[in-house]
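> sequence first, then the predicted structure, then my questions.
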Amino acid sequence: MKNGLTGSAAWKSLENHFRAVKDISLRTLFSEDPSRAERFRIQDEGIYFDYSKHRITSETMVLLFALARERGLGKRIAAMFSGEKINITENRAVLHTALRAPKGSTVMVDGHNVVPDVHQVLEKMSRFANSIRRGEWKGFTGKPIKNIVNIGIGGSDLGPVMAYEALKFYSHRDLAFRFVSNIDGNDFSEAVQDLSPEETLFIVSSKTFTTLETMTNARTARKWLLDKLADDKAVARHFVAVSTNEKEVAAFGIDTANMFGFWDWVGGRYSLDSAIGLSTMLAIGPDNFYLLLDGFHQMDEHFRSAPFERNIPVIMGLLGVWYIDFFGFSSQAVLPYENYLKRFPAYLQQLTMESNGKQVTLDGDRVDYNTGAIYWGEPGTNGQHSFYQMIHQGTSIIPCDFIGFRTSLNHLALHQDYLIANMIAQGEALAFGKSANEVKNEGVPGSLVPHKVFEGNRPSSVFFMEKLTPGKLGKLVAMYEHAVYTQGVIWGINPFDQMGVELGKVLAMKIIPELLDRDRPLQHDTSTNELINFYRG
Ligand code: G6Q
């Protein structure tokens, strides 16, 4: 039975249990158990995690924890933290947790303690960030830097963009931040159209420093700069690099003294707290960046040490398995009731889907169960005026994560009350709906009744916190990172490689010369040939 998951005793028990509970409604579960809200709630790490509106009973959780134990989750968590090479397809350790390990702690990789290296880079980043923020770092013509443009893609973009937006309240408002990722020239053109090269600093963020999109944008940026400043020496004052590839950084013309390094044990989508976060540190300052790291670290410690029964990421991960593999709910909405988190769903898409969108086990066997869900979302209340229709009345059931804060960073009378009332109401409506009788009793004409029925029984979690701070953001990100790992362990897959992004890239490299040379014979399928011909014009 492949890696044994679906044949395991815990899985069989869950299958039997599923048959017994799948039709029980949340209305029934709540009416039968007045202590349900309290029982399925964790308040830890400054997060009020309510998971009572899930289609679970106490027995469900017992069986899910048994599954986690049977899959060796405790040992797998320890293996990740200890620097074991759990990314077996790339023969790498997975140590984003070392990026936020406090100074003085020890994390060994191949017999070497990496924590001092991490802190050395953080200190270099801090010195650089302070010199930019204080206007001490001057551009080639002697003017201070006013604009920061991060050039990167995927893990070297989504984290920086998300964190910048999330923590904008804490940012240095004299600096403007832009993020260029897409190879579509419109992205670069729009990002710089109102900027002066003399006051602009580019951060070329690329672990490999070979990525087509990033290197193309970086070369275009260099040309844009030199068109104005007309001296190659200007590059050193206006470009810095975040990379693991010193050789390519130097070849590009960036002074390696202005390179901020990281390591092969940091995966792209797990890198926002590495030097990839340089733009974040420039925006919020080193002190706030350290608070962000501390938040990450607190959640790491929670994940590593809390019993499964009180472990937020473990429970999140297991609930996902329950829905994906037993109910067949294949999509997960993330709905922050906090406008600063507007890019958080996009960030999570990569974290979750690039990690757990896998079809084979660690041993290379095709899985005989479903893996990663589709993650998506928008900030509330905007989503309520668009896709929530489907969440409430569509034929697909979409579990939702609601994320909210008690205190707004910008207090404007009643806004926060209205916002949070909406968040709470959505979970209530999803869970309990409105029956045909309730609709009829409101005097709705018979023909309209079915249209106004809300079946309810739609699950959701709430993550409620006091206020969005750098530390809270760190906790939130680490919480999802560890939920992803929990699921990866249950499914026996590798959440840390991304081989599925390769094939399309390779084929594009073949098509590029075919677009540039109209006479080159085409040997694709007929559809692909015709598309190339259409572009050739
Ligand atoms: C993330 C992926 C991927 C990566 C980008 C950018 O986990 O590995 O999104 O971050 O392809 O790669 P570079 O940083 O090497 O340019």
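Perfect, I can see it now. What you see is a predicted model; the values in this text were computed from it and never measured.
> counting contacts, what elements does the helix or strand encompassing residue 66 pack onto?
Per DSSP states H and E, residue 66 falls inside helix 58-70. Secondary structure elements in contact with helix 58-70, counted by 3 or more CB pairs under 8 Å, 6 or more residues apart in numbering; DSSP states H and E, are helix 9-21, helix 312-321, helix 470-491. C-betas here are computed from N, CA, C, even on glycine.
> the inter-axis angle of the last one versus helix 312-321?
Which is helix 470-491. Counting by axes from the mean of the first three to the mean of the last three CA atoms, to 10 degrees, helix 470-491 lies at 50 degrees to helix 312-321.
> helix or strand right after helix 470-491?
Going down the chain from helix 470-491, the next helix or strand is helix 502-516, by DSSP H and E.
> grab the CA positions of that following helix and hand them over as PDB.
Output of helix 502-516 as PDB, limited to C-alpha atoms (Å, rounded to 0.1, in the frame of the first residue of the first chain):
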ATOM      1  CA  GLU A 502      10.700  23.100 -14.100                       C
ATOM      2  CA  LEU A 503       9.100  21.600 -17.300                       C
ATOM      3  CA  GLY A 504       7.400  24.800 -18.400                       C
ATOM      4  CA  LYS A 505      10.600  26.800 -17.900                       C
ATOM      5  CA  VAL A 506      12.700  24.400 -20.000                       C
ATOM      6  CA  LEU A 507      10.200  24.400 -22.800                       C
ATOM      7  CA  ALA A 508      10.100  28.200 -22.800                       C
ATOM      8  CA  MET A 509      13.900  28.300 -23.300                       C
ATOM      9  CA  LYS A 510      13.400  26.200 -26.400                       C
ATOM     10  CA  ILE A 511      10.600  28.400 -27.700                       C
ATOM     11  CA  ILE A 512      12.500  31.700 -27.100                       C
ATOM     12  CA  PRO A 513      14.800  31.200 -30.100                       C
ATOM     13  CA  GLU A 514      11.900  30.000 -32.200                       C
ATOM     14  CA  LEU A 515      10.100  33.300 -31.600                       C
ATOM     15  CA  LEU A 516      13.300  35.300 -32.400                       C
END
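> once you drop chain neighbours, what's closest to the residue of the stretch 401-537 of the chain found nearest the ligand?
Going by CB to the nearest ligand atom, the ligand is nearest to residue 498 of the stretch 401-537 of the chain, at 5.1 Å. Distances taken as CB to CB, 6 or more residues apart in numbering place residue 354 nearest to residue 498, at 5.1 Å, with adjacent residues excluded.
> need the helices and strands packed on helix 58-70 in a markdown table (columns: distance to residue 520 and mean neighbour count).
Listed next are the helices and strands packed on helix 58-70 as a markdown table, based on distance: least, CB to CB, whole Å; neighbours: other CB atoms under 10 Å:
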| stretch | distance to residue 520 | mean neighbour count |
| --- | --- | --- |
| helix 9-21 | 53 | 15 |
| helix 312-321 | 47 | 25 |
| helix 470-491 | 42 | 25 |
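> in CSV, list the ones you listed along with distance to residue 337 and mean pLDDT.
Formatted as CSV, those follow (distance: least, CB to CB, whole Å; pLDDT from 0 to 100):
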stretch, distance to residue 337, mean pLDDT
helix 9-21, 30, 98
helix 312-321, 18, 98
helix 470-491, 13, 98
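> and the residue positioned nearest the centre of the chain, what does it touch?
Centroid-nearest residue in the chain: residue 348, 2.8 Å away (criterion: CA atoms, centre = their mean). For residue 348, the contact set (CB atoms under 8 Å, 6 or more residues apart in numbering) comprises 334, 375, 377, 480.
> tally of neighbours for residue 497?
17 (other CB atoms under 10 Å).
> wait, it touches residue 94, no?
No: in this structure, residue 497 is not within contact of residue 94 by CB atoms under 8 Å, at 10.2 Å.
> any shared contact partners between the two?
residue 87.
> if we can go back for a sec, the residue nearest to residue 498 and residue 270 touch, don't they?
No: using CB under 8 Å as the test, residue 354 is too far from residue 270 to be in contact (10.3 Å).
> neighbours of residue 353, just the number please.
Residue 353 has 20 neighbouring residues, counting by other CB under 10 Å.
> surely it is in contact with residue 347?
No: using CB under 8 Å, residue 353 makes no contact with residue 347, being 11.2 Å away.
> quick one: the strands in this structure?
41-44, 47-50, 108-109, 112-113, 147-151, 176-180, 200-205, 239-243, 259-261, 331-337, 374-376, 400-405, 460-465 (DSSP state E).
> any chance of those strands in a markdown table, with mean neighbour count too?
Listed next are those as a markdown table, based on neighbours: other CB atoms under 10 Å:
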| stretch | mean neighbour count |
| --- | --- |
| strand 41-44 | 14 |
| strand 47-50 | 19 |
| strand 108-109 | 16 |
| strand 112-113 | 12 |
| strand 147-151 | 24 |
| strand 176-180 | 21 |
| strand 200-205 | 26 |
| strand 239-243 | 27 |
| strand 259-261 | 20 |
| strand 331-337 | 24 |
| strand 374-376 | 19 |
| strand 400-405 | 23 |
| strand 460-465 | 22 |
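> can you count the residues close to the residue nearest to residue 498?
For residue 354, the count of nearby residues is 23 (other CB under 10 Å).
> what does the pLDDT read for it?
If you check residue 354, the pLDDT there is 98.
> do residue 280 as well
98.
> quick one, what contacts it?
Contacts of residue 280 were listed using CB under 8 Å, 6+ apart, and they are 159-160, 163-164, 167, 272, 289, 292.
> give me the neighbour count for residue 288.
19.
> about what we covered before: now for the strands of the chain, which one comes closest to the ligand?
Closest to the ligand of these is strand 200-205 (CB to the nearest ligand atom; 6.5 Å).
> what sits up against stretch 263-273?
Contact with stretch 263-273 is made by 83, 87, 92-96, 98-100, 109, 114, 117, 154-156, 158-160, 162-163, 207, 244, 262, 274, 276-277, 280, 292-293, 296, 350-351, 354-355, 474, 477, 481, 496, 498, as judged by CB under 8 Å, 6+ apart.
> that stretch and the ligand in contact?
Yes: counting by CB under 6 Å from any ligand atom, the ligand is contacted by stretch 263-273 at 267-269.
> ChimeraX command for the buried members of these?
Selection of buried members from the residues of stretch 263-273 next to the ligand for ChimeraX, criterion 16 or more other CB atoms under 10 Å:
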select :267,268,269
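> residue 51: which of the residues of stretch 263-273 next to the ligand is nearest?
residue 269 (24.9 Å; CB to CB).
> for the closest residue to the closest one other than its chain neighbours, the count of nearby residues, please.
Counting by CB to CB, 6+ apart, the nearest residue to residue 269 once its immediate chain neighbours are dropped is residue 155, at 4.3 Å. Residues near residue 155, counting by other CB under 10 Å, number 25.
> what does the stretch 151-300 of the chain put close to the ligand?
153-156, 206-208, 211, 214, 267-269.
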